[in-house]
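Colleague: Sequence first, predicted model second:
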Amino acid sequence: MKTILILISSLFIFTNINAQFEAEIKTDGIVFPRLTNGQRNALPAIKGQVIYNTTSNKLNIYDGSAWLDYTGPSVWQLSGSDVYHSTGDVGIGTSGIDAKLEVFQNSSLSDPHILLHENGNDYARINFKNNNGTNYWTIAAYIATNVKNDRLNFWNGTNGDLMTITGDGEVGIGVGISPKVGFHVGNGKRVLFGTDTLGNGDKLMFLPDLHAFRVGTVATGAASTYWNRDSIGLYSFASGLNTRAQGFGGTAMGRDTEAVGSYAFASGYFTNADGQYSTAMGFNTDALALGSTALGYSTDAEQNYSFAAGYFAEAQALYSIAIGSAVRAQSYASMAVGRYNIGGGSATTWLSSDPIFEIGIGTSNSNRANAVTVRKNGNVGIGTSVPLDRLHVNGRVRLQTVEYFEDGGTSEISVRGDLRPSSDNLYDIGTSALRYDDIYATNGTIQTSDIRYKKNVTALDYGLSHVLQLRPVKYQWKDEASDAYKLGLIAQELLEIVPEVVKTHDYEVSELDESKTLVELERLGVYYSDLIPVLVKAIQEQQDLIENQQSKIQDLESRLIALEKK
């Protein structure tokens, strides 16, 4: 109504000069003078004069200095086939407009707020741009005959396809319009989940330019830079809390672990793999040198190619190994096991006096001791850390079952002290199959003969008649190189006469429970000392004969003397 009144009032201010261009009022509306641009510009127009411009097909009003297109409030303007509004906001379903275009209405899938309908089989698009340049963004949607091939695409006028979502839920970034998996990132794009800034936070990161992966949490403080670019090694992996894989191909997992060297591996809690190719696992372990390994609890591998495992074990020399509790391998290429060994030696040089192997049996740092020490000169110490011979034993030695001692020099085994069995009347020296050649003794051998250890004592049945059956012989041993003759008896013959002095069976002793099993001997043996009682009995019988004969001789001599006196 306001617009109509303005137009009507303008009719009454025309002068006679413009009478020929007066408006006509008809029952169905008002007809304004119809002029071309040339005709309009030739008028002696007055302020407020209105005409219809047949060139632009618009109402024109003269403002006193120029002709203007009439654009009253809420009037859309045409420009060819385009419709536009120069200023203001547009509201649909609302007068409280909060944006350039606001649609206030209930919607549904079948009745959306806005529908973009492509007239064909191409993408439906929305473009975004500003006055900063010619570049633009496009969001485009494509509906295919197969929902799997549907696409929602984000396009940049300079870089092309940046992100695509398919109809079956796959998302691709930097891979064109066909992602291969549920979440597909290509073209060397980094991936970050979580805190999107440098420093601390929960993150999942893939960095294609470094071929590195990170997942976990970085806290504040010094650790906050562990996942910044300068602390990320090429081809490295880190996961957990405050982990750092700075070396080429390094791996750090767990909490507060660091893989600083190239190809280093650190896992656990407070572990540190500093050296190239080093490994640190467990709690508070340090692999500090090339190819070093530290495993367990507070272990240290400090020199190249060293290995420490256990509890507070330290491998402090080149090529050294320390396994156990508070053991330390301090000698070049040495090994220490057990606990609280003595250690010592040069860490970088091979010295014959240094230990190469130690078994520690100490109880504390102030009370270190070795059960076994092997020196690099070949000497072995048991109970001593300073062995002076090939085998140096400080303490008693027990041998069970079969033990072999062999000397490559003088073929002698020297013993300083007594040799005694661990159990009484249970073990032998030699066997019927493995015999000693000679046994030398200053005072001979002593056999126990105490009546307190004997039972079933009876008189001996053997005597002179049995001794007379014995066949003493002279012989040579078949398996001896010497041609010397020996004197003795034949065991098989003696077995028929005095079987008690012939050894035919013996007991084998079990190493497990020391039980005995009677077995037949491969060779018969003779208790020559047991023949002594037989010989004694024979001598006694012979003596009786001699005394009887002597008595008879004396009787005969007495008779002879008596006869001679007659």
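Modeller: Okay, I see it.

Colleague: So, low pLDDT: which residues of the protein?
Modeller: 1-29, 71-78, 85, 187-190, 192, 194-199, 398-412, 511 (pLDDT under 70).

Colleague: Show me it divided up by domain.
Modeller: The record's domain parsing of the chain by automatic domain parsing lists 2-70, 161-393.

Colleague: Take these and write them to TSV, including mean neighbour count.
Modeller: Any C-beta I mention is one placed from the backbone N, CA and C, and that applies to glycine too. Output for these, formatted as TSV (neighbours: other CB atoms under 10 Å):
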stretch	mean neighbour count
domain 2-70	14
domain 161-393	20
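
Colleague: can you give me the helices for the stretch 351-500 of the chain?
Modeller: Counting by DSSP state H, counting those that start in this stretch, one finds helices in the stretch 351-500 of the chain at the ranges 464-469, 491-497.

Colleague: Over to the chain?
Modeller: For the chain, helices defined by DSSP state H occupy the ranges 2-11, 37-42, 464-469, 491-497, 531-565.

Colleague: so can I have JSON lines of the helices of the stretch 351-500 of the chain showing distance to P208 and mean neighbour count?
Modeller: Listed next are the helices of the stretch 351-500 of the chain as JSON lines, based on distance: least, CB to CB, whole Å; neighbours: other CB atoms under 10 Å:
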{"stretch": "helix 464-469", "distance to P208": "106", "mean neighbour count": "14"}
{"stretch": "helix 491-497", "distance to P208": "92", "mean neighbour count": "15"}
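
Colleague: wait, which of those is closest to N153?
Modeller: N153 lies closest, by CB to CB, to one member of the helices of the stretch 351-500 of the chain: helix 491-497, at 108.7 Å.

Colleague: helices or strands up against the longest strand along the chain?
Modeller: Ranked by number of residues, the top strand in the chain under DSSP state E is strand 516-526. Counting contacts by 3 or more CB pairs under 8 Å, 6 or more residues apart in numbering; DSSP states H and E, strand 516-526 is packed against helix 491-497, strand 502-509.

Colleague: still on that earlier bit, mind giving me a markdown table with the helices of the stretch 351-500 of the chain and columns for distance to G88?
Modeller: Shown next, in a markdown table, are those (distance: least, CB to CB, whole Å):
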| stretch | distance to G88 |
| --- | --- |
| helix 464-469 | 149 |
| helix 491-497 | 137 |
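
Colleague: how about those, which one is nearest G360?
Modeller: Of all the helices of the stretch 351-500 of the chain, it is helix 491-497 that lies closest to G360, at 53.9 Å by CB to CB.

Colleague: Tell me which stretches of the stretch 101-250 of the chain form strands.
Modeller: Counting by DSSP state E, counting those that start in this stretch, the stretch 101-250 of the chain has these strands, from start to end: 101-103, 124-128, 137-142, 151-156, 160-166, 171-173, 183-185, 191-194, 201-207, 212-218, 237-241, 244-245.

Colleague: Redo the helices and strands packed on strand 516-526 as a markdown table? Include distance to Y475.
Modeller: Below are these laid out as a markdown table (distance: least, CB to CB, whole Å):
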| stretch | distance to Y475 |
| --- | --- |
| helix 491-497 | 12 |
| strand 502-509 | 17 |
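
Colleague: Which one of these lies nearest to A66?
Modeller: Closest to A66 of these, according to CB to CB: strand 502-509, at 134.2 Å.

Colleague: Just the buried positions in that closest one, please.
Modeller: In terms of neighbour count (16 or more other CB atoms under 10 Å), strand 502-509 has its buried residues at 502-503, 506, 509.

Colleague: List just the nearest of those residues to G186.
Modeller: Nearest to G186, judged by CB to CB, of the buried residues of strand 502-509 is V509 at 78.5 Å.

Colleague: so what's that closest one up against?
Modeller: By CB atoms under 8 Å, 6 or more residues apart in numbering, the residues touching V509 are 401, 426-427, 515-516.

Colleague: which of those tops the neighbour count?
Modeller: Neighbour tally across the contacts of V509 (other CB atoms under 10 Å): the maximum, 13 neighbours, falls on Y427.

Colleague: for it, what are its contacts?
Modeller: So Y427 contacts 421, 509 (CB under 8 Å, 6+ apart).

Colleague: what's the distance between T54 and A222?
Modeller: 81 Å (CB to CB, to the nearest Å).

Colleague: In CSV: the strands of the stretch 101-250 of the chain, plus distance to W477.
Modeller: Compiled in CSV, the strands of the stretch 101-250 of the chain are given as follows (distance: least, CB to CB, whole Å):
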stretch, distance to W477
strand 101-103, 124
strand 124-128, 115
strand 137-142, 108
strand 151-156, 104
strand 160-166, 99
strand 171-173, 96
strand 183-185, 91
strand 191-194, 90
strand 201-207, 86
strand 212-218, 81
strand 237-241, 76
strand 244-245, 77
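
Colleague: one step back: output the contacts of V509 in CSV; the columns should cover distance to N119.
Modeller: What follows is the contacts of V509, written out as CSV (distance: CB to CB, whole Å):
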residue, distance to N119
T401, 102
L426, 111
Y427, 111
S515, 105
K516, 110
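
Colleague: right, and out of those residues, which lies closest to R214?
Modeller: Distance ranking of these against R214, using CB to CB, places T401 first at 61.2 Å.

Colleague: can you pull up the bridge partners for S325?
Modeller: Y311, R339 (DSSP bridges).

Colleague: OK, contacts around it?
Modeller: By CB under 8 Å, 6+ apart, the contact set of S325 is 310-313, 338-340.
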